[in-house]
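Asker: Fold the following.
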Amino acid sequence: MLVEISVFILAAFIGAHSSGVYVVSPPIVKGFFITVAVSTALASLVWIVILILASMYADIIKGNGFDLDAYVGDPKPSITSRAKVVFIHYFINVGRHTASRKPLPLAESASPFFPGLQVTSLEGDAKFAGSTPLTAPRLKNGLVVGTIRMGFGHHRIAYAAASWGVASGKTTYFHDLLNIDSPEAQMIIEMDKGYSKGSRLATEMGGAVEALWGSLTRGADENMLRASYQFAENLLPLLLSIPKDTPIIATHCFVGLIAVALGFTNVINLVIDNYAQWFIVVPGAKNLVQGPSNYHNLLRMGVPAEELVLAGHWIPKDLVDNIEADCKARIKRAEQRAPRRLLIPVGGAGAQKTFVSNFLKGLQGHVEEGKVNLFLNAGDHKHMEVAFMEALDAMGVTDYGRVSTMEGVRKFADNLRAGGSPEHAVTLFAFADYFPAVATTDVLSRVADVLCCKPSELAFYPVPKLMIRRVGDHEAFSAIRASEMGDGTLELREVPEAMAYIDKMDKSPALLTTMNNMIVKNKAAGIYDGCKVAVDLAKKLAPKSK
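Answerer: Numbering: from 1, shown residues only. The predicted structure follows:
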């Protein structure tokens, strides 16, 4: 089009020059052609860069353990697709790192927080005093739950799976790739910093920034899967010490992709969220999903039926086992018009600061009138602890409880289960360590009346939920799942929307009673048995590992 316009103006200029009548002055025409020349040069330069990047694609996939292009039905990716993957590979994920196939020797030690669970680490790591070498014979009858400490979600799901693994009698190993002190783990850390920063900026700035971030988080197409797989090919040492017939339950796709790349035979991927996209799939593994819409959409995308299992939600065993008793207690409190216990946690990226602070201001009157008790979990985010304290100060709340240890969390919950009440209308939970930051929400969910959280992995929990403002557009579909299951609301993007539900709960016990009754029905239907299904499948796929 630019060429046609240029020819037209040039013809008009020549004609005008011959007649002596200029429709467009010579300086303007000169400026136009300079602009065209510069634009053409820049476009040519960009295209040359794209061609150079695309030409490097064959080199980075050389030696791959899995043919990903064939799997996604695109054996000859376009020039732009190849260029995009190479750009992500070198400028975002891997950089100058040289892939290694040298196994990292592993050690094991008992979890200080989770009875019966073994935690892996790099052999000789002083942070894991008392650890012993993890050998192949030890893993023969074991189950590995592989995860990455990126935000809270992947870890929370991993602990949920581990709870069923330990209960099954299998020796269960919690293999967090970031526990393995290595260049490969450092690459993951650097990549995650960018994601966390993006999440925080999107939720705080909103508008165009949030829209852009949302489009990125729901646009994880075949090229993102290609880039993720290539990243996994550079992380192989993190699993190389584990025998390939060991059953692995992956709660982060990178773990599953590494296992597939190495030729592991019993890989189970717990698919996150409720939005189908290639990025969350592990080709060659059993991909377990939480709901039917995700199952249907992944089938439509082209994931083979034999690699998909509709399993149920990823929930800790303790929460599932006690659903009837906990729901009965919630209904009783609702009917007695006892103060509603609102559990408000923050995510692992530490986003949501503005929304949560404004939500607390909206709850001020309810707190003052004794209508609600607040359980605020700042996790291990100091900036969220400060934000909570500032919001409470603005509300005039100076006398509030504080809990900073896992022992304190358990004592707090035990008191409420025994029929006691919180000592303060507001209790702030804040920690220096990562495990309590994650586990506190699980422990308190059993004694809370309402979980007020973004529609993340918690959207699938068997607790009445207010689904507050999302972080990334993909999370909106998890809120839809909660609403359809009857145990949560649709996404409430603005504080007045959330407060409307609080007012409904204040006026009548009907909403909370209905949600709790639906949770009990969902349990009877096996909706919350996803992790149980995963562990049972792991045992079935590895009969020699019994």
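Asker: How are the strands of the stretch 51-200 of the chain distributed by residue range?
Answerer: Secondary structure of the stretch 51-200 of the chain (DSSP state E, counting those that start in this stretch): strands at 106-110, 118-122, 132-133, 142-147, 171-176.
Asker: out of the ones you listed, which comes closest to Ser483?
Answerer: Closest of the strands of the stretch 51-200 of the chain to Ser483 is strand 142-147, at 28.0 Å (criterion: Cβ to Cβ). Using the backbone N, CA and C atoms, a C-beta is placed for each residue, glycine as well.
Asker: contacts for the closest one?
Answerer: 154-155, 157-158, 161-162, 165, 168, 170-177, 239, 242, 246-252, 255-256, 259, 535, 538-539, 545 (Cβ atoms under 8 Å, 6 or more residues apart in numbering).
Asker: Which ones among those residues lie within helices?
Answerer: The helices, defined by DSSP state H, take in 154-155, 157-158, 161-162, 165, 255-256, 259, 535, 538-539 from the contacts of strand 142-147.
Asker: I figured Ala437 hits Gly379, correct?
Answerer: Yes. If you go by Cβ atoms under 8 Å, Ala437 and Gly379 touch, sitting 3.6 Å apart.
Asker: Who's the closest spatial neighbour of the residue nearest in space to the middle of the chain, skipping the chain neighbours?
Answerer: Central residue of the chain (Cα atoms, centre = their mean): Gly153, 4.9 Å from the mean position. In this structure, Gly153 finds its nearest non-sequential neighbour in Glu457, 4.1 Å apart by Cβ to Cβ, 6 or more residues apart in numbering.
Asker: In this structure that neighbour contacts Ile157, no?
Answerer: Yes. Assessed by Cβ under 8 Å, Glu457 is found in contact with Ile157 at 5.8 Å.
Asker: Longest helix in this structure, by number of residues?
Answerer: helix 26-55.
Asker: What is the burial count for Phe113?
Answerer: Residues lying near Phe113 (other Cβ atoms under 10 Å) number 15.
Asker: What's the separation between the closest residue to it other than its chain neighbours and Thr172?
Answerer: The shortest distance from Phe113 to any non-neighbouring residue, by Cβ to Cβ, 6+ apart, is to Phe435 (4.8 Å). Remark: distance between Phe435 and Thr172 (Cβ to Cβ, to the nearest Å) = 16 Å.
Asker: And the two? Which one has more around it.
Answerer: Comparing Phe435 with Thr172 by other Cβ under 10 Å, the one with more neighbours is Thr172, at 25 against 17.
Asker: Check whether the more buried one really touches Gly165, as I assumed.
Answerer: Yes. Under the criterion of Cβ under 8 Å, Thr172 is in contact with Gly165, at a separation of 3.6 Å.
Asker: Which residue ranges make up the domains of the protein?
Answerer: Per the record, the chain has its domains at 2-58+77-93, 106-315+530-545, 318-524, by automatic domain parsing.
Asker: Stretch 94-104: end-to-end distance?
Answerer: Length of stretch 94-104, first residue to last, Cα to Cα, to the nearest Å: 19 Å.
Asker: Now do the same contact list for Phe477.
Answerer: By Cβ under 8 Å, 6+ apart, the neighbours of Phe477 are 273-275, 293, 455.
Asker: got any ranges where the stretch 201-350 of the chain has weak pLDDT?
Answerer: For the stretch 201-350 of the chain, the stretches flagged by pLDDT under 70 are 201-220, 347-350.
Asker: Next up, the contacts around Met499.
Answerer: Contacts for Met499 (Cβ under 8 Å, 6+ apart) come out as 359, 362-363.
Asker: Could you check how far Phe91 is from Ser131?
Answerer: 37 Å.
Asker: Oops, could you answer that again for Val533 instead?
Answerer: In terms of Cβ to Cβ, Val533 sits 31 Å off from Ser131.
Asker: coming back round to it: any chance of the contacts of Phe477 in JSON lines, plus secondary structure and neighbour count?
Answerer: Converted to JSON lines, the contacts of Phe477 look like this (DSSP: H, G, I helix; E, B strand; the rest coil; neighbours: other Cβ atoms under 10 Å):
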{"residue": "Asp273", "secondary structure": "coil", "neighbour count": "26"}
{"residue": "Asn274", "secondary structure": "coil", "neighbour count": "25"}
{"residue": "Tyr275", "secondary structure": "coil", "neighbour count": "23"}
{"residue": "Ser293", "secondary structure": "helix", "neighbour count": "16"}
{"residue": "Pro455", "secondary structure": "coil", "neighbour count": "31"}
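Asker: Quickly name whichever of those residues is closest to Met187.
Answerer: Once Cβ to Cβ is applied, the member of the contacts of Phe477 that ends up nearest Met187 is Asp273, at 23.8 Å.
Asker: Might you report the residue contacts of the closest one?
Answerer: Contacts of Asp273 (Cβ under 8 Å, 6+ apart): 280, 294, 474-475, 477-478.
Asker: Identify, from these, the entry nearest to Tyr461.
Answerer: The closest of these, once distances to Tyr461 are taken by Cβ to Cβ, is Ser478, at 10.7 Å.
Asker: in which helix or strand would I find that closest one?
Answerer: Element membership of Ser478, judged by DSSP states H and E, is helix 476-485.
Asker: Rounded mean pLDDT for the following helix or strand past that helix, please.
Answerer: Next along the chain after helix 476-485, taking DSSP H and E as the criterion, comes helix 495-507. Here helix 495-507 scores 96 as its mean pLDDT.
Asker: May I have helix 495-507 exported as CSV, CA atoms only?
Answerer: These are the backbone C-alpha positions of helix 495-507, laid out as CSV (Å, rounded to 0.1, in the frame of the first residue of the first chain):
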residue,chain,number,x,y,z
VAL,A,495,-14.8,-3.7,45.7
PRO,A,496,-18.5,-2.7,45.6
GLU,A,497,-19.3,-6.1,43.9
ALA,A,498,-17.6,-8.0,46.7
MET,A,499,-19.3,-5.9,49.3
ALA,A,500,-22.7,-6.7,47.8
TYR,A,501,-22.0,-10.4,48.6
ILE,A,502,-20.9,-9.6,52.1
ASP,A,503,-24.2,-7.7,52.6
LYS,A,504,-26.2,-10.7,51.3
MET,A,505,-24.4,-13.0,53.8
ASP,A,506,-25.2,-10.4,56.5
LYS,A,507,-28.9,-10.4,55.8
